[in-house]
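Undergrad: here is my input, please return the structure:
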Amino acid sequence: MGKRYYCDYCDRSFQDNLHNRKKHLFGVQHHRAKKAWFDNFRDVATVLNEERTKEPCRKFLQTGQCVFGPNCRFSHMSESYMQMLHCCNFLSDEKRRKEDPDQGRSSTKRSIDEWLSRREKKRAALTSGRVLKIEEEECTENIEIPPYLLSIPDLPPSLHPPPNGGWKVTQQNEWG
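TA: Predicted coordinates for the structure are as follows:
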């Protein structure tokens, strides 16, 4: 039996060859599953704007169901749910403005500059053999991990929070 290709979007596997892979990747089911996956991460404001431009689905309003489901070109959101989304979006925008009045490039630029300076300090300490003080490292105390990330069961290692004291840094020899 040859290699098998597994599609994360569709939760399917099949024999991996050029014909099967092309057939799957260009298929309607794959495109719908991929769109549904990325729709989970859309911004509230984007969802709200899209739903406001659509007309309400009569079938969904009458029966509570629609044969087209998420592929329906009409809106399945009730007026009260749209109002709730609007309030949530407004509140989150207000919260962001209060927390960060600069709101934009200057705060991003500042955080990048801080990270680069800490990185240079660590590299200089490694080359000189000096041990960094805990105040100089500032590893885990300033990192805020969103709680929803910690609740995901199979979170990739790159998204896990660093261990207390940070990752162990080792010097590499000249061969790699």
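Undergrad: where does this protein dip in pLDDT?
TA: Across the chain, the stretches falling below the confidence threshold (pLDDT under 70) are 1, 89-110, 129-152, 155, 159-161, 167, 169-176.
Undergrad: could you pull out the helices in it for me?
TA: 18-25, 28-39, 44-53, 58-63, 79-99, 105-128, 134-137, 147-150 (DSSP state H).
Undergrad: distance of K54 from H24?
TA: Between K54 and H24 the computed distance is 30 Å (CB to CB, to the nearest Å). In short, each C-beta sits where N, CA and C put it, glycine included.
Undergrad: quick revisit: dump the helices of the chain to a markdown table, plus mean neighbour count.
TA: Shown next, in a markdown table, are these (neighbours: other CB atoms under 10 Å):
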| stretch | mean neighbour count |
| --- | --- |
| helix 18-25 | 12 |
| helix 28-39 | 13 |
| helix 44-53 | 13 |
| helix 58-63 | 12 |
| helix 79-99 | 12 |
| helix 105-128 | 11 |
| helix 134-137 | 11 |
| helix 147-150 | 9 |
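Undergrad: nearest to C72, of those?
TA: Closest to C72 of the helices of the chain, according to CB to CB: helix 58-63, at 7.3 Å.
Undergrad: I would like the residues contacting the closest one, please.
TA: Contacts of helix 58-63 from elsewhere in the structure, counted by CB atoms under 8 Å, 6 or more residues apart in numbering, are 65-67, 72, 74, 76.
Undergrad: among those, which lie within strands?
TA: Using DSSP state E, the subset of the contacts of helix 58-63 located in strands is empty.
Undergrad: which of these are buried?
TA: By the neighbour-count criterion of 16 or more other CB atoms under 10 Å, the contacts of helix 58-63 include these buried positions: 66, 76.
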